[in-house]
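Asker: how does the following fold in three dimensions:
(chains A, B, C and D)
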2 protein chains.
Amino acid sequence: MTGGKPETGKTGSAAGASRRATLKDVARAVGVHVSTVSRALNPATRHLITEEIATRVLEVSRELNYRPNPAAYSLRTNRSHTIGIVVPDITNSIFPPMIRGVEDVLAPHGYAALVVNTDLNREREAAAISTLSARGVDAMVVASAEREDAELSALAKQGTPVVTINRRTDDASVSSVISDEIEGVRLMLAHLVELGHRRIATIAGNQNLSTGQRRYDAFLRNTLAMGLHIGPEQVGFANAFNEAEGRRCMEELLARGSGSTAVLCANDRLAIGAISALRGRGLSCPGDVSVTGFNDMAMVDCIDPPLTTIRIPHYGIGQAAAQFLLQRLNETDGGPAPLHQVLPVELIVRASTAAPRKGSAEGPSGDPAVSHMRIVR
Amino acid sequence: MTGGKPETGKTGSAAGASRRATLKDVARAVGVHVSTVSRALNPATRHLITEEIATRVLEVSRELNYRPNPAAYSLRTNRSHTIGIVVPDITNSIFPPMIRGVEDVLAPHGYAALVVNTDLNREREAAAISTLSARGVDAMVVASAEREDAELSALAKQGTPVVTINRRTDDASVSSVISDEIEGVRLMLAHLVELGHRRIATIAGNQNLSTGQRRYDAFLRNTLAMGLHIGPEQVGFANAFNEAEGRRCMEELLARGSGSTAVLCANDRLAIGAISALRGRGLSCPGDVSVTGFNDMAMVDCIDPPLTTIRIPHYGIGQAAAQFLLQRLNETDGGPAPLHQVLPVELIVRASTAAPRKGSAEGPSGDPAVSHMRIVR
DNA sequence: CGATTTAATGCAATCGATTGCACGTTGATG
DNA sequence: CATCAACGTGCAATCGATTGCATTAAATCG
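Answerer: Below you'll find the model as predicted:
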C-alpha cells in the first residue's frame, strides 16, 4: 500500500524475502561505482561528490531502502557502534533507570547496548567483560565494579573506553560516575540528629564495594564530627545489599542491645529488611526505631512505612556515563586523564523517621517493646 | 614465548596494544592454512582434520587467546548471534525479570541481547524494530506488541524469527508467550466472591493491548458465569497501565457511586493508583474497598496494604520465549506454524482484600466513609 | 592554445572469517 | 603394479563495506 516497488522484481524475488539492498545495488541503480555511493552516503566525505550525484544517490538508496551492513562496516572499520553494559542484576530496580540513561543518550548517536548480568559473581563478571570485548563493543559501562577489580583495570589499561557507574574501583585510572554518598550520609545524619536522635546505629554494606565503603566511612566521619559516639555494638555489616541481610543485621543489632533509636542503612533494600526484622520483634518503625535507606529506588514511597532515604540520580548517572563515553569515542588520540564524576543527591524525608520516644536512649525504658534497645554497657 | 612471530614485526606493535590474534596468526603459528584452522576450530567440521593437527590448533589458539572476529563471521554467514529485545520501558519492573529469562537461556548458546525501549510509542516501536533488523539481529523478542501491529506482522511475514511476550498481536501468525490471564481473572473473582463480595467493579486496561482486552473480557465472562451483574457504572477504562490512570479511574468509579465493595484492577500499578485514590477520599483498603492487582510485580508485597494479586511467571515467560527462538534458529527450513504458549498463573492473597463490610452492598450504610459507594439506581 | 592544477570518480586492496572445489597422498584393490 | 577411493589440506572466492591511489575530465594559468 505504500506505493513504490513495481513488480519488475529486479532482485530475484523468487522466495519473496528479497535480499537486502547493498551498496552495489545502489551503485548499479544510479550508474556509478560503489565507492562513489559510499562517499555520497557518508556526510564526512559527501563534499567529494558532485552535488547532483550525491542527492541522486541519497534518493535511490532511500527508494531501495538501503541499510548499511553493520558487519561489513565493523569488519572494515573496527567499530561496532555497540557498547556493553554490565550490571549485577537487571532485576534490581536501581539499575534499569541507569541503563535507560545510557541508552537514551547513546541511541541518537547510533549506538545500541548489549546488557549482561553478573549476579555479583567475580567469574561471571570476568566472563561478561571478556564476552563483550570479544564481541567488539566500542566501550563499556560497568555497574558491577568491585573495589579491587583486575579485569576492569586491565580493560582500561588496554585502551577500551570504560566507565563505572554507581560504584568505583580503587584504581583511579578507571573513570567513574557516582553519586555524592558522603553528602548523602551527612544529610541523613543531620536529619536524624535534628529529629532528636543521639544513638544512631548503621547497617553498613559490603566493604569490598565502593558504595559500602564510602557510605560507612561517611557515617563514621560525620557521626564523629557531630559529636556522636559510635560503639562497635552499633554497626552491623551486611554481606550483600539485600533484604535478607538487612533482616539479619537488624536482628544482630537488636540482640546486642545497642540502645539505638535510629538505624541508617547503606541502601533501601537493607532498610526494608531491617524494618521487617523490627516488626518480627514486635517493634514499630518509626515508633520505636527510625530506619533510613539510600538510593530511593522505585516503590519505596509506597511501602509501609514510606521510606526516608537519599535520592541518587539514577537516570542522570547513566546519562553522564554515556556522555563521557561518547566524548571518548570521538577522540582520536588515546584520550586524556580518567574522569571521576560525583553527582548530587537529595534527602527525601518520608515516614520511616520520626523523633525518638522520650527517654528511649537514656536507659531501660518501661516500654517492653523497646527494652531490646537499651544501653548495654 | 609462544614460538612463532619472529621480530620482523610485521604488525607494527608500536603502541603496545598488540592486535588481536586472527585465524591467520594461528595458522602461521601451527604451520597450516587458515582454512584448516577454521575447520579444526569448528566442532561441526573438526572431523575433517587429523586428530593431531586439530588438537594442536586448539592449543595454539588458546595460547594466542584467539577470539573469532564476530564481524567477519557475521559478514560471511549472515548470522550475528545477537537477538533484539523490545520493551516499552525497562524501568517498569515487570520487564527486567522477563529480560533475564531471555538472556539466561540465550547466553549459554552464544547469543547476546540488544535491549531497546519504545515508551509505548508507535513510532518508536517501528523505529526500534527497524533499527534492530538493520543491525541484523537473528531474532526478536517483543514485549511492546499492540493488538494491531503492522510492523510485527511484516517482520514475521518476512521470515525473521520473532515472538511477543506478555502481550499478543491479533495476528495469529506472530508467535507469543503470555500468561493465563483468563484463569487469573477467574481465580481472583472466585477469591473475591468467596470473601463475600457481590458488587465487584473493575479498572480495565488499554483495550488496544491484548492484556487489557483479555483481562477485561475474562472479567465480563466470569462475572456473568458466576451470576454477578455488572453495570457500566462498575467499569473504568484506563488509558495506560500506570498509577495515575488507576487513580483517575478509581475516582471516576467513586464519583459514579457504583456501590462496589471490591475493585479488580487490570494490573498492579493501576491497583496502587486505585488505593491511593481511596485514601484520598478517606476510604480504607481493604476496610471499605478491596483492591486487587495483576502481575505481582516486585515490591507489591511490601506496599501498604500488601497487594492481593495474580502472579505471572515473569522469568518463565522470558525463558520460554528464548527457548522457542533457539529452536527456530536451528531450523533450516522456514519453520513450522507459529506457536502460542500460555503459562500458568497463581493467586497470591495478601492484605488488600478482605470480606466486605456487613451490608455495605445492600444500600446506603450508616458509615459515611462508604456512602460514596452506595448503589445508585 | 598548450601546460598544469584541481575536482570528481573509478580501481582495487583490505578487514577476518567460511566453504566449494581442486589437488596430492595414502592405502586398498584387481 | 597400475587404478581408484578416501582422506586431509590448500586455494581462492566471497560476504559488504571503506579508503589510498590512479585516472580522467574540467578548469585555470601563462
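
Asker: show me the contacts for A:Met299.
Answerer: A:Met299 makes contact with A:93, B:93, B:298-300, B:302-303 under the criterion Cβ atoms under 8 Å, 6 or more residues apart in numbering or on different chains. For every residue, glycine as well, the C-beta is placed using N, CA and C.

Asker: also A:Asp89?
Answerer: A:95, A:117-120, B:100.

Asker: and if you look at A:Ala54?
Answerer: A:40, A:46.

Asker: just how off-centre is the helix or strand hosting it within its chain?
Answerer: Element membership of A:Ala54, judged by DSSP states H and E, is helix A:51-63. Computed by Cα atoms, centre = their mean, to the nearest Å, the chain-centroid distance of helix A:51-63 equals 43 Å.

Asker: that helix close to DNA strand C?
Answerer: Yes: interface with DNA strand C: helix A:51-63 contributes A:53-54 (Cβ under 7 Å from any atom of the strand).

Asker: just the helices in the stretch 1-150 of chain A please.
Answerer: For the stretch 1-150 of chain A, helices defined by DSSP state H, counting those that start in this stretch occupy the ranges A:23-30, A:34-41, A:51-63, A:70-77, A:95-106, A:122-134, A:150-157.

Asker: which of those helices sits most buried?
Answerer: Most buried of these by mean neighbour count (mean count of other Cβ atoms under 10 Å in any protein chain shown) is helix A:95-106; its value is a mean of 24.

Asker: average model confidence for that one?
Answerer: When pLDDT is averaged over helix A:95-106, the result is 98.

Asker: then stretch A:201-221?
Answerer: For stretch A:201-221, the mean per-residue pLDDT is 98.

Asker: in this structure A:Pro97 contacts A:His314, no?
Answerer: Yes: under the contact definition of Cβ atoms under 8 Å, A:Pro97 touches A:His314, with a separation of 3.7 Å.

Asker: nearest to DNA strand C, of the contacts of A:Asp89?
Answerer: Within the contacts of A:Asp89, the smallest distance to DNA strand C is 25.8 Å, found for A:Thr118 (Cβ to the nearest atom of the strand).

Asker: how much space between the closest one and A:Phe95?
Answerer: Remark: distance between A:Thr118 and A:Phe95 (Cβ to Cβ, to the nearest Å) = 11 Å.

Asker: ok, A:Gly273 next?
Answerer: With Cβ to Cβ as the criterion, A:Gly273 and A:Phe95 are 19 Å apart.

Asker: same question for A:Ser179.
Answerer: 14 Å.

Asker: would you mind naming what in the stretch 51-200 of chain A lies close to DNA strand C?
Answerer: Residues of the stretch 51-200 of chain A lying near DNA strand C (Cβ under 7 Å from any atom of the strand): A:53-54, A:72, A:75-76.

Asker: which of the residues you listed lies closest to B:Ser258?
Answerer: Within those, proximity to B:Ser258 (Cβ to Cβ) peaks at A:Ala72, which comes in at 61.9 Å.

Asker: thought the closest one was touching B:Leu75?
Answerer: Yes: A:Ala72 lies in contact with B:Leu75 (Cβ under 8 Å); the separation is 5.3 Å.

Asker: quick one, which of the helices of the stretch 1-150 of chain A gets closest to A:Ser260.
Answerer: helix A:95-106 (30.9 Å).

Asker: turn the helices of the stretch 1-150 of chain A into JSON lines, columns for distance to DNA strand D.
Answerer: Shown next, in JSON lines, are the helices of the stretch 1-150 of chain A (distance: least, Cβ to the nearest atom of the strand, whole Å):
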{"stretch": "helix A:23-30", "distance to DNA strand D": "3"}
{"stretch": "helix A:34-41", "distance to DNA strand D": "3"}
{"stretch": "helix A:51-63", "distance to DNA strand D": "10"}
{"stretch": "helix A:70-77", "distance to DNA strand D": "3"}
{"stretch": "helix A:95-106", "distance to DNA strand D": "19"}
{"stretch": "helix A:122-134", "distance to DNA strand D": "19"}
{"stretch": "helix A:150-157", "distance to DNA strand D": "25"}
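
Asker: which strands and helices lie in contact with the helix or strand harbouring A:Glu194?
Answerer: Element membership for A:Glu194 (DSSP H and E) is helix A:181-195. Where contact means 3 or more Cβ pairs under 8 Å, 6 or more residues apart in numbering or on different chains; DSSP states H and E, helix A:181-195 is packed against strand A:200-204, helix A:210-225, strand A:262-265, strand A:290-292, strand A:309-311, strand A:346-348.

Asker: how about the ones you listed, which one is nearest A:Arg28?
Answerer: helix A:210-225 (56.8 Å).

Asker: many thanks, have a good one.
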